[in-house]
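Colleague: Fold the following.
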Amino acid sequence: PTGPNPSYHANELPEDLIEKAVLTAIGARGQPRLRSESRSGVTTLEGGRVQMEFDDRQSDSVLQTEVALDGARLRNEGRPAAGEKTADAQVLESATVELRMQEGGEWIEQILTHAPGTLRLLPGEAKAPRRTLQGNRFWIEYAKNNQIESFRADRAETLTEYPKGPKEKEAPPPARTWSDGLNAAFDAKGEGSRLEQWGSFRYQEGDQRARAEKATLDQAAATILLEGEASTWDGNGTLSAATIRLDQKSGDVVAEGSVESTQQAPAKPKKSGPAKATEPAKPEGGLLSDASPMHARAHRMRTEQGRKVVRFEQNAVVWQGSNRVEGQMVEIRREEGKLLAEGKVRSLLEEKQAGEKPAKAEAGRKPAKKPAGPPMLLLISAAKLNYDDGTRKAVYEKDVVMKRGELTVRAAELTAWFSEGEESSLEKAE
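Modeller: Purely as a prediction, here's the structure:
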């Protein structure tokens, strides 16, 4: 038979095999193994039984299909790259594995599994991650030279294990995904170019989690797109939207459609002691505070500069506790302690009133302090707001209206200063 240098081994072969001048089929038992070599590498197929069918229309028999049954194992190992001792390898295990050959019988056209299986991608380089994929069914398409072209799986579960770095005490946590379907495309070099997972997609890596109806990884653009009731969460906060796009290089995010976000208050480094030690954030007052989580709603959210800048657009609402800022655009630079809002801006600050000073008490008794009154609401509307948390100064511009209790002030521009402390209040305005 013709093909990429095939060789066959089995404990049992048909008695009339050597008598046939032209082969049409072979069935083998007893740990059969088919091994074929080509310029791209070596492919080995094993199983409890192996069946092969040939095309006998030419002068020589040409291999058409190979089917391994009863515990099939297929190993495809490439040629080592220059300077490398080992090459990348793929190991596929299933109850039944079928290989369909391209015309001429030299290259693989398609690999199918007819039962649940496991595919292991073993890197030749020790620093590269190891990937494992489990699924109910696999479909693998090949181009010439046994170069993988596409991969599809049903009920897919993936595992990516990262090696320990030279300065790390232990390996990073593995990444896992689950989905009803998976489709991967590969470039001319056999490297993954696009990965799609759909149907109840889930992701987990350490404390990082994600969920969506569909997820798409674009290797060239280095982006991950989550679509359909998308959500992500970790120890720092949560984000949900109709779609979420993550830039893998910068870490920035674009979310659109019914965006809801919660960012936990950051811990601040201690001024003394170990450099990595942290202490709980202290309340600072004003419109921004590191003492409580920050919540937001908008139609669209975009981050910049590695998430140092967060911008909410279209009917944006940002709040901490009872304090809130609304606008068509609200931008937060939390590390700089700045907030910018534009378009139908409204800020609402709840000022807690202190209790009245106690009257003189009778001899032998402690003076009783009268309880605090109801909170005073400070509402300021304008076309634009620029707030600096370092000075706790807010500048409102154009068509400004300030309401505080029974007081109403209108101005073209208003500057307000807020008190320092957990229970922030207006100190002065001009």
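Colleague: Any regions of the stretch 251-400 of the chain where pLDDT drops low?
Modeller: Scanning the stretch 251-400 of the chain for pLDDT under 70 picks out 265-286, 290, 353-373.
Colleague: residue ranges for the strands of it, please.
Modeller: Per DSSP state E, counting those that start in this stretch, the stretch 251-400 of the chain carries strands over the ranges 253-263, 268-269, 278-279, 294-304, 309-320, 323-333, 338-351, 376-388, 393-404.
Colleague: what's the helix or strand just after the last one packed up against?
Modeller: On the C-terminal side of strand 393-404, the nearest following helix or strand under DSSP states H and E is strand 407-418. Contacts defined by 3 or more Cβ pairs under 8 Å, 6 or more residues apart in numbering; DSSP states H and E place strand 407-418 against strand 376-388, strand 393-404, strand 426-429. Yep, even glycine has a C-beta here, placed from its N, CA and C like the rest.
Colleague: can you redo the ones you listed as JSON lines with distance to residue 296?
Modeller: Output for the helices and strands packed on strand 407-418, formatted as JSON lines (distance: least, Cβ to Cβ, whole Å):
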{"stretch": "strand 376-388", "distance to residue 296": "15"}
{"stretch": "strand 393-404", "distance to residue 296": "18"}
{"stretch": "strand 426-429", "distance to residue 296": "23"}
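Colleague: got a markdown table for those strands, with mean neighbour count too?
Modeller: Output for those, formatted as a markdown table (neighbours: other Cβ atoms under 10 Å):
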| stretch | mean neighbour count |
| --- | --- |
| strand 376-388 | 19 |
| strand 393-404 | 18 |
| strand 426-429 | 14 |
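Colleague: Among the ones you listed, which comes closest to residue 292?
Modeller: Closest approach to residue 292 among those (Cβ to Cβ): strand 376-388, 16.7 Å.
Colleague: Quickly run through the sheet partners of that closest one, with directions.
Modeller: With DSSP bridges as the test, strand 376-388 is paired with strand 338-351 (antiparallel), strand 393-404 (antiparallel).
Colleague: Out of the ones you listed, flag the one nearest residue 112.
Modeller: Nearest to residue 112 among those is strand 338-351 (56.7 Å), distances taken as Cβ to Cβ.
Colleague: quick one: the closest one to strand 407-418, angle?
Modeller: 120 degrees (axes from the mean of the first three to the mean of the last three Cα atoms, to 10 degrees).
Colleague: what comes into contact with strand 338-351?
Modeller: 287-288, 316, 318, 321-333, 375-389, 394, 396, 418, 423-426 (Cβ atoms under 8 Å, 6 or more residues apart in numbering).
Colleague: what's the answer for stretch 408-428, then?
Modeller: 283-287, 289, 291, 323, 349, 351-352, 376, 378, 380, 382, 391-404, 429-430.
Colleague: redo that, cut-off 6 Å
Modeller: With contact meaning Cβ atoms under 6 Å, 6 or more residues apart in numbering, stretch 408-428 is reached by 283, 285-286, 351-352, 378, 392-397, 400-402, 429-430.
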